[in-house]
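> sequence-free structure coming up:
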């Protein structure tokens, strides 16, 4: 008995606590002798943070000892993965929760105005010039994909990046992105005399939910043609949940030795890049840009060459790729905020905050459309281009921490208790909040049909969207790719038939010709123009799939289905008239359990009745005469 008392007294001494204080946590006091010095230190930290409730239900020594040690293993992870540790997390939470209870407006004292940026029109001279600059800069870029989410909200059981972006080829989002990065890499290197061996780095931020499945998707597909050494997976940790306004950490309702956790948000990507050391490695290697993007937007890479060209030309430290937005549309607006004390920043302001902010600043109509028919505040699509040097300087100051927010759901108007636990959250696009006024922050706006078609809503939710608003479903996302490709070919001089309206999964969508191509065929508007000549036409019911780098459409008339599949060293001229029964689009009820979930969530599949296919697996010059 004496040795146990001595051990406990020694542990109390290590804690820096007297025996009277320790008596307030008797269950911890009795268990101190089973803890390591490091665990004792973590216990002291928790007590100093006012978290003694975590130990109220601890069993006597000898019971659940492994679970008690597991508790401290979790505390250690939570402490090490958050900039400044758990003490900083709780301190920040108390401040934000107090502001939330008091109804404090985070924008008090700020006046909104339209920021400086570049509005681009696809394929005009200005756009083309920026694309050329962007292709040149691409070999000095690194790409970062934020992919911590599952497809449950979509009605899909896998990870979102494994979903097909479109089903003419079945190319999943992750393959789609990798092929674009490789095409950029190839095009940029080819601009140098003799080429180059540059490999563009690709980072994927994963979570506990997606990490192993993302790695399996990459490995089972040989990284979709990318070198495995180019790809780095960085896994974000969750953060502790909070039970009340005092920021008491919440215990898991099913395990008294475990703190409840929830995702912190995609803003973690900045801290992960900083702590990994990758940013400095890239800087030493001569890289200049870091491009961030989201997991299920099949059009986003259409915007990247020109947007990167804008960043280089305008020397932006931060460039938000954006799309035109209608006033009060449910998408955040890029806004310049100037404080009465002289502070200024250009950031995304959520749509439900922008309207009252403008009204408070003396604009009685709030967020209103201007003479263009759109709000002057461009729509944020969470695609950022950061200049690497200033990015590292800023993260060196902050450790990668991003300004956080809290969104508790209160039980009643007293705001004294929560309906359920909450947590601090952070968003990737809030990075500019900490930048000095001297930082060059701008935006690049392009048409939505070119750059923005996210896939995030399941069929039931999408069908409830008011008519005229974007569905953001698997159905609309795939149809948007066909629309974009059709419009791009029209700009290149092809006569492409207009769409037919059709209701699929309860959504009225435009059904354009089903046109797809690999990124290496059509990376930029000028590249596509070079691949099209003469009088070409494509009917509405047609399907065109191009899986080759050097496929030239010459006086092609297509009314049916045509697939051209060629290796990079095979150049193929496609000439003449194609008319066959083609691929018909068959609608599928999303409740039909006999169909695969990939088919159900988009509400249609292709019946490949007849097609003309040209396959070229040897190098050389070829002509496909139709």
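In hand now; what should we look at? Worth saying up front: this structure is predicted, and the values here are computed from it rather than measured.
> Contact partners for residue 426?
The contact partners of residue 426, by C-beta atoms under 8 Å, 6 or more residues apart in numbering, come to 264-268, 402-405. Glycine gets a C-beta too; all of them are placed from N, C-alpha and C.
> Now do the helix or strand containing residue 606: which elements does it pack against?
Using DSSP states H and E, residue 606 sits within strand 604-608. Contact analysis of strand 604-608 by 3 or more C-beta pairs under 8 Å, 6 or more residues apart in numbering; DSSP states H and E lists strand 583-587 as its packing neighbours.
> residues in contact with the strand it packs on?
Here strand 583-587 makes contact (C-beta under 8 Å, 6+ apart) with 168, 502, 504, 511, 514, 541, 543, 561, 603-609, 611.
> List the buried residues in it.
Using 16 or more other C-beta atoms under 10 Å as the test for burial, strand 583-587 gives 583, 585.
> Give the partner strands of it in its sheet and their orientations.
With DSSP bridges as the test, strand 583-587 is paired with strand 604-608 (antiparallel).
> Now the strand it pairs with: buried residues?
For strand 604-608, using 16+ other C-beta under 10 Å, the buried residues are 604-606.
> avg pLDDT for whichever helix or strand comes after it?
The helix or strand immediately downstream of strand 604-608 is strand 612-616, counting by DSSP H and E. Strand 612-616 shows a mean pLDDT of 98.
> downstream neighbour of strand 612-616 in the secondary structure list?
As assigned by DSSP H and E, the chain's next helix or strand after strand 612-616 is strand 620-625.
> could you give the angle of that following strand to strand 612-616?
If you take axes from the mean of the first three to the mean of the last three C-alpha atoms, to 10 degrees, strand 620-625 sits at 170 degrees to strand 612-616.
> Strand 620-625 packs against which elements?
Secondary-structure packing of strand 620-625 (3+ C-beta pairs under 8 Å, 6+ apart): strand 570-579, strand 612-616.
> what's next to the shortest one, contact-wise?
The set of residues external to strand 612-616 that reach it, using C-beta under 8 Å, 6+ apart, is 548, 560-567, 570, 572, 574, 578, 580, 622, 624, 626.
> Return a selection command, for use in PyMOL, containing the buried ones of the residues you listed.
In PyMOL, a selection of the buried entries from these looks like this (16+ other C-beta under 10 Å):
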select buried, resi 548+560+561+562+563+564+565+566+570+572+574+578+580+622+624+626
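> need the contact list for the residue most central in space within the chain.
By C-alpha atoms, centre = their mean, the chain has its centre lying nearest to residue 294, at 2.0 Å. Contact analysis of residue 294 by C-beta under 8 Å, 6+ apart lists 145-146, 266, 300, 381-383, 454.
> mind putting those in JSON lines, neighbour count and distance to residue 183 included?
Output for the contacts of residue 294, formatted as JSON lines (neighbours: other C-beta atoms under 10 Å; distance: C-beta to C-beta, whole Å):
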{"residue": "145", "neighbour count": "25", "distance to residue 183": "16"}
{"residue": "146", "neighbour count": "22", "distance to residue 183": "21"}
{"residue": "266", "neighbour count": "24", "distance to residue 183": "25"}
{"residue": "300", "neighbour count": "24", "distance to residue 183": "14"}
{"residue": "381", "neighbour count": "29", "distance to residue 183": "21"}
{"residue": "382", "neighbour count": "21", "distance to residue 183": "22"}
{"residue": "383", "neighbour count": "25", "distance to residue 183": "18"}
{"residue": "454", "neighbour count": "21", "distance to residue 183": "22"}
